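# here's my sequence, what's the structure:
(chains A and B)
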Protein chains: 2
Amino acid sequence: MESSPNLALSQLPSVYSAIPSSKYRNYPFWPGNKRRSSPSTRIQCNKMFVPGFGEASPEAKAANNLHNFFTYTAVKIVAAQLESYNPEAYEELMDFVGRHPLDDGDKFCATMFRESSRHKNLALRIMEVRSAYCKNDFEWDNLKRLAFKKVTESNTRLMRDYISETSPTETEK
Amino acid sequence: MESSPNLALSQLPSVYSAIPSSKYRNYPFWPGNKRRSSPSTRIQCNKMFVPGFGEASPEAKAANNLHNFFTYTAVKIVAAQLESYNPEAYEELMDFVGRHPLDDGDKFCATMFRESSRHKNLALRIMEVRSAYCKNDFEWDNLKRLAFKKVTESNTRLMRDYISETSPTETEK
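Below you'll find the predicted structure:
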């Protein structure tokens, strides 16, 4: 019988051999290692230090990315709505989408606003849909659940693939 | 005195003039318009139809994007941890980051795993950090709050900019 391919990180021996254990455990930013260097500070942060995000937090950066994603989704929603009952507006929308990138949602809407009177109405509709989608339809709890699942499954898969590659005897059993 | 530049979508008259009002209100996928065509179906979905995401939901797509973002963040966290007490490992990490794109987190980790024994330990550390960051440190409620705020503020700003551009008399007062 083959052994179970499900591996947890803790099952792998000496994964931190390149980093001396004592140093690693004493490093103040490591999770679970509470910073006690400034007992006078009332608010103690046990979180890992995340450098280099400028003035914005990682959450703000992720929210900005989601904002662009919601605009992209709103364009798809509006296009699907228009396709069946307003082919003319649908054609205009798809033509505009083909000419302007959707990676910056606000820039996309601002350009669309100034294209023509009909485009302005389309832009207003996209803006209303992205707001409604973000606040009502998007399943935030599901996002969190799927992200948890994704990171666990990806880590397991990456380790399993590596183990199976470097263990040829496993396949000979 | 200038009038308040804060505008809600409802304050703009006839924004849907390109789309006949009756059709717009009767369209089954519009939010707030409940689908009652199949009363025998027990589960009724009042959400907008989102087309074209293949087999994955928008939430799954967003979770995948966040997963790559968490890997990117984990690399920054680990780099900051190593910089001060293990310059050799820090140099190796930064050299690897310079040679490999970080847009696909799992591919990045898989490549790092196979680079060398020391890189394997770095990859395992990045994987552990991204899991800990996703599950413990990342502020999910804050993400939701910031996304709500972002979409409201962006929509207001886009409309305000447009109104101020197309209303030259406002500035003459």
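
# when you work out contacts or count neighbours from here on, use the C-alpha atoms and nothing else.
Noted.

# residue ranges for the helices of chain A, please.
Counting by DSSP state H, chain A has these helices, from start to end: A:21-26, A:58-85, A:87-99, A:105-113, A:117-132, A:140-166, A:168-172.

# same list (those) but as JSON lines, adding distance to chain B, mean pLDDT and mean neighbour count.
Written out in JSON lines, the entries for the helices of chain A read as follows (distance: least, C-alpha to the nearest C-alpha, whole Å; pLDDT from 0 to 100; neighbours: other C-alpha atoms under 10 Å in any protein chain shown):
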{"stretch": "helix A:21-26", "distance to chain B": "8", "mean pLDDT": "38", "mean neighbour count": "12"}
{"stretch": "helix A:58-85", "distance to chain B": "5", "mean pLDDT": "94", "mean neighbour count": "20"}
{"stretch": "helix A:87-99", "distance to chain B": "8", "mean pLDDT": "95", "mean neighbour count": "14"}
{"stretch": "helix A:105-113", "distance to chain B": "6", "mean pLDDT": "95", "mean neighbour count": "20"}
{"stretch": "helix A:117-132", "distance to chain B": "6", "mean pLDDT": "95", "mean neighbour count": "22"}
{"stretch": "helix A:140-166", "distance to chain B": "5", "mean pLDDT": "94", "mean neighbour count": "17"}
{"stretch": "helix A:168-172", "distance to chain B": "16", "mean pLDDT": "59", "mean neighbour count": "9"}
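
# out of these, which comes closest to B:Asp137?
B:Asp137 sits nearest to helix A:58-85 of all the helices of chain A, at 10.4 Å, using C-alpha to C-alpha.

# what's the angle from that closest one to helix B:58-85?
Between the axes of helix A:58-85 and helix B:58-85, defined by axes from the mean of the first three to the mean of the last three C-alpha atoms, to 10 degrees, the angle is 160 degrees.

# check contacts around A:Arg114.
With contact set as C-alpha atoms under 8 Å, 6 or more residues apart in numbering or on different chains, A:Arg114 has these partners: A:Lys120, B:Tyr162.

# am I right that A:Leu158 is in contact with B:Ala110?
Yes. Distance between A:Leu158 and B:Ala110: 6.3 Å, which falls inside the contact criterion (C-alpha atoms under 8 Å).

# give me the neighbour count for A:Phe138.
Look at A:Phe138: counted by other C-alpha atoms under 10 Å in any protein chain shown, it has 17 neighbours.

# isn't A:Met112 right next to A:Lys120, touching?
Yes. Applying C-alpha under 8 Å, one finds A:Met112 in contact with A:Lys120, separated by 6.2 Å.

# so for A:Pro51, what's the pLDDT?
The confidence metric pLDDT takes the value 80 at A:Pro51.

# residues contacting it?
Counting by C-alpha under 8 Å, 6+ apart, A:Pro51 makes contact with B:Lys76, B:Ile77, B:Ala80.

# and chain A, which of those contact it?
Counting by C-alpha under 8 Å from any C-alpha of the partner chain, the subset of the contacts of A:Pro51 that neighbours chain A consists of B:Lys76, B:Ile77, B:Ala80.

# re earlier: which residues do A:Met112 and A:Lys120 both contact?
Listed as contacting both A:Met112 and A:Lys120 by C-alpha under 8 Å, 6+ apart is no residue at all.

# measure the closest residue to A:Phe138 other than its chain neighbours to A:Phe69 for me?
Taking C-alpha to C-alpha, 6 or more residues apart in numbering or on different chains, and ignoring the residues beside it in sequence, A:Phe138 has B:Glu59 as its nearest neighbour in space, at 7.2 Å. When C-alpha to C-alpha, to the nearest Å is the yardstick, B:Glu59 and A:Phe69 sit 10 Å from each other.

# can you check A:Thr156 too?
The spacing between A:Thr156 and A:Phe69, counted by C-alpha to C-alpha, is 28 Å.
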